[in-house]
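A.B. asks: One predicted model, sequence on top.
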Amino acid sequence: MALTEPQTNRIDLKLVAEMVQPGTRVLDVGCGDGALLALLAETRNVDARGIELSREGVADCVARGLSVIQGDADTDLADYPDDSFDYVILSQTIQATRNPRLVLEQMLRIGRRAIVSFPNFGHWRMRSQVFFQGHMPVTDALPYSWWDTPNIHFCTIRDFVALCDLIGAEKERAVALDAAGGKVGVNAPWWFWNLFGAQAVFLLKRG
Amino acid sequence: MRDPFPSLADPLKEANEPSSLVARFGPEAPLLMDCGVVLDHWQIAYQTYGELNASRSNAILVCHALTGDQYVASRNPVTGKGGWWTAMIGPGKPIDTERFFIICANVIGGCTGTTGPASTNPETRKPWGLSFPVVTIRDMVRAQAALIDSLGIETLFCVAGGSMGGMQVLQWAASYPNRVFSALPLATGAKHSAQNIAFHEVGRQAVMADPEWRQGRYLEEGTRPSKGLSVARMGAHITYLSEQALHRKFGRKLQDREAPTFSFDADFQVESYLRHQGLSFVERFDANSYLYVTRAMDYFDLAADHDGVLACAFAGTKTRFCVASFTSDWLFPTADSRAIVHALNAAGASVSFVELESDKGHDAFLLDEPNLFATTRGFLSAAARARGL
């Protein structure tokens, strides 16, 4: 049986994968159906592990041959020893955690580096929905209404940078992607990213 | 022509001369037991399914639970019933007999052909009874390892089992890490809880309170502690189910009657069901074996063998693990599986874990659970790829 073809159409997954050195140990927190882990295992030859909340996601991952445990980012990262991994990845999940600061601290404890990708709530479309229409933003990437969203801790790129500073995380790399998936001007200032980045990917290490 | 309705075998004869395959060991290969006793003459009864490949790399050892036997996917000669895990094992099943060579052996202390209290002690020519040494899960695994040696298999592709079978899986991974390529412990724990020991003690006391038990010498005296063993089974059987399963199956429904009889007959269906479970159990199981095998589970505490740190039991392991629990299992609740996963993570082991939704209680691992089958199939397929099978 061949491995299911990894879904490489998600630009942020490709970007995250590029940040991972080959042959390393990787933990993907909130790994879903294992698309990123499968991509990393195939293209970067990593020892890929995952945590996923949903039963269906775990079952999909196990069927793919990935080592994934059913668990919760907010509680189960505490179970891992220090420096268990080279990279701990949180892909499009931080906004759904109960305690993003604790999760980020745990990631940097158990991994030498952390990679975090998240939707930027400071994007101009978001701002304009609040500003002009006066309601919580609903977009193609974030299709939920405020009352049914699993995303309970939204932040902007600026907010995330502030959290990194607060916990002493060092930003090794940061990339912002516009709504079409193109990289937002590499040398642009933070305010520009914060306005035109639909999502951001950060590579962090302990400060 | 084969008799389509072969007569049922005598359980007493099966204890020494099983209908299944059997490997016999003498003083050249004694069994060194945890209690300090050395068994010079012992045997292990087993059954195999499928074909061992040329490189001897496709063997799966299936470990049975408390009252299981080697007939995992074939007719039990004593009961005449089919194998106890045919939902999982067979051609095209998740543990595929067309792909893998499956071995299942009766445990040491058991009563279907492996040496145990119902076997004849070669020195006295009488049944061992209570003079049989107390067995542990590790003893069971040592005996299985001797069998695997005798079959010329160095590394098992997988060791799989639920409940007490899962304990053996964990012990295999801890005792022989290089001989276990992958491990599938289901609905189990790395130790027996106080509650579980308590239930077992009630069962043992029921057996020993039966006057027909005769201080364990019932085989010599020609009696059977059927009432005691039956009550033990009834109590234990409740722990294998769940409140929801009992409610769904029986509720408060009455058994073949319109109204309560104002007596202590089995008015309720659930009573009738439990009585039937107890009675059919005593037909096939030896009462002393029940004492020994329950004791083995009680003594199991894998962390205790490693200074109380379960992760140390798996230090440096290369084995791939897949752990699964069931939502309604209160005998080995998900917390027990999580403790195993926690330790495996701490040891840096490759581990998958899933809690499966089921209202069938502890017994779910033996039943038709599509999610368990899908998980097992996926895990074994991926492991087979990694093993080059």
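C.D. replies: Yes, it's here.
A.B. asks: and the next element down the chain from the helix or strand containing B:His247?
C.D. replies: In this assignment (DSSP states H and E), B:His247 forms part of helix B:243-249. Once helix B:243-249 ends, the next helix or strand along the chain (criterion: DSSP H and E) is helix B:269-284.
A.B. asks: now the strands for chain B?
C.D. replies: For chain B, the strands defined by DSSP state E occupy B:21-25, B:31-32, B:38-39, B:42-49, B:59-63, B:89-90, B:95-96, B:101-105, B:120-121, B:126-127, B:156-162, B:180-186, B:320-326, B:350-356.
A.B. asks: strands paired with the third one, and their directions?
C.D. replies: Spelled out, that is strand B:38-39. The strands beside strand B:38-39 in its sheet (DSSP bridges) come out as strand B:31-32 (antiparallel).
A.B. asks: hmm, who's touching the strand it pairs with?
C.D. replies: With contact meaning CB atoms under 8 Å, 6 or more residues apart in numbering or on different chains, strand B:31-32 is reached by B:Phe25, B:Val38, B:Leu39, B:Trp42, B:Ile108, B:Thr115, B:Asp139, B:Arg142, B:Ala143, B:Ala146. (C-beta placed from N, C-alpha, C; glycine too.)
A.B. asks: Of these, grab the buried ones for PyMOL.
C.D. replies: Only the buried entries of the contacts of strand B:31-32 go into this PyMOL selection, using 16 or more other CB atoms under 10 Å in any protein chain shown:
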select buried, chain B and resi 25+39+42+108+115+139+142+143+146
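A.B. asks: shaky segments in chain A?
C.D. replies: Applying pLDDT under 70 to chain A picks out residues A:1-9.
A.B. asks: That one against chain B: which residues are in contact?
C.D. replies: Counting by CB under 8 Å from any CB of the partner chain, chain A comes close to chain B at A:1, A:47, A:49, A:55, A:58-59, A:61-71, A:79-81, A:84.
A.B. asks: Now do the buried residues in stretch B:106-125.
C.D. replies: B:106-120.
A.B. asks: Reformat the contacts of strand B:31-32 as a markdown table; add distance to A:Thr24 and pLDDT.
C.D. replies: Formatted as a markdown table, the contacts of strand B:31-32 follow (distance: CB to CB, whole Å; pLDDT from 0 to 100):
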| residue | distance to A:Thr24 | pLDDT |
| --- | --- | --- |
| B:Phe25 | 47 | 98 |
| B:Val38 | 49 | 97 |
| B:Leu39 | 49 | 97 |
| B:Trp42 | 49 | 98 |
| B:Ile108 | 44 | 98 |
| B:Thr115 | 50 | 98 |
| B:Asp139 | 42 | 98 |
| B:Arg142 | 39 | 98 |
| B:Ala143 | 42 | 98 |
| B:Ala146 | 41 | 98 |
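A.B. asks: just the contacts of strand B:31-32 now: which is nearest chain A?
C.D. replies: B:Arg142 (28.9 Å; CB to the nearest CB).
A.B. asks: Just give me the residue right at the centre of the chain.
C.D. replies: This is for chain A. A:Ser91 (2.0 Å; CA atoms, centre = their mean).
A.B. asks: should've been chain B
C.D. replies: Chain B, centroid-nearest residue using CA atoms, centre = their mean: B:Ala65 at 1.6 Å.
A.B. asks: Quick check on the closest residue to it other than its chain neighbours: phi, psi?
C.D. replies: Counting by CB to CB, 6 or more residues apart in numbering or on different chains, B:Ser163 is the residue found nearest to B:Ala65 once chain neighbours are left out, at 4.1 Å. Reported as degrees, to the nearest 10, the phi and psi values for B:Ser163 are phi 60, psi -120.
A.B. asks: Would you confirm that B:Ser163 contacts B:Asp336?
C.D. replies: No - judged on CB atoms under 8 Å, B:Ser163 makes no contact with B:Asp336 at a distance of 10.8 Å.
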